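*Asks:* Fold the following and give me the result.
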Amino acid sequence: MSSDAATSKGYNYTSIGNNSPAYGLYDCHSDVVGYFCQLCVSTAAREVRLRCPNRISAVVWYDSCILRYSNESFFGKAQTYPTWHHIFGTKNISNMEEIQKGEDFVRSLIRKATVETNQLYYMEGFNVSSSQRRYGWQTVFGGHVSRISQML
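*Replies:* Residues are numbered from 1 along each chain as shown. Next up is the predicted model:
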């Protein structure tokens, strides 16, 4: 998949195999094209092989692109819950206000990517406190905006 990232429109989803198919996609941020899209997708593919060598599904998010694969089809299926992973460790959050801010922020990103901008992507940040800021990026792929916005 990463080999066509330099010449594509910045995204691709495909499947290979008949008996036990594998499904995959990549999506580069709209201002990341050509060589830079391919570099991001290739780096993500290398990283997923290193970090998840025996996994049947994985997702890698970078600032510039996302790479996802699975043994189950996810095309056209909306994921209605956020999945948050921190690469360098974990943080226990006991402050319910911080959790609520995060959940509201993710819902806002989805709404802005689908209903408000109709661009299928949106990137933004919010302040957790006076000294901490969180950033998020929502990309909608493999689905229809009308179906996704109905779920909101």
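*Asks:* In contact with Thr7, which residues are there?
*Replies:* Counting by C-beta atoms under 8 Å, 6 or more residues apart in numbering, Thr7 touches Gly34. All C-beta spots, glycine's among them, are computed from the backbone N, C-alpha and C.
*Asks:* Just confirm it is within a strand.
*Replies:* No: under DSSP: H, G, I helix; E, B strand; the rest coil, Thr7 falls outside any strand and is assigned coil.
*Asks:* what are the ranges of the helices in the chain?
*Replies:* Using DSSP state H, the helices found in the chain span residues 34-51, 96-111, 145-151.
*Asks:* mean confidence for the last one?
*Replies:* Confidence for helix 145-151, expressed as mean pLDDT, is 41.
*Asks:* Outline the domain layout of this protein.
*Replies:* Split into domains by automatic domain parsing, the chain comes to 2-70, 96-151.
*Asks:* Is it possible to get a markdown table of those domains that adds distance to Lys77?
*Replies:* Formatted as a markdown table, these follow (distance: least, C-beta to C-beta, whole Å):
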| stretch | distance to Lys77 |
| --- | --- |
| domain 2-70 | 11 |
| domain 96-151 | 7 |
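*Asks:* Report the separation between Val59 and Tyr35.
*Replies:* As judged by C-beta to C-beta, to the nearest Å, Val59 and Tyr35 stand 23 Å apart.
*Asks:* Sorry, slip of the keys, the one I care about is Ser73.
*Replies:* Going from Ser73 to Tyr35 by C-beta to C-beta gives 30 Å.
*Asks:* just Asn71 next, same as before
*Replies:* To Tyr35, Asn71 is 31 Å away according to C-beta to C-beta.
*Asks:* more neighbours, Ser73 and Tyr35?
*Replies:* Legend: neighbour count by other C-beta atoms under 10 Å for Ser73 and Tyr35, higher for Ser73 (13 against 10).
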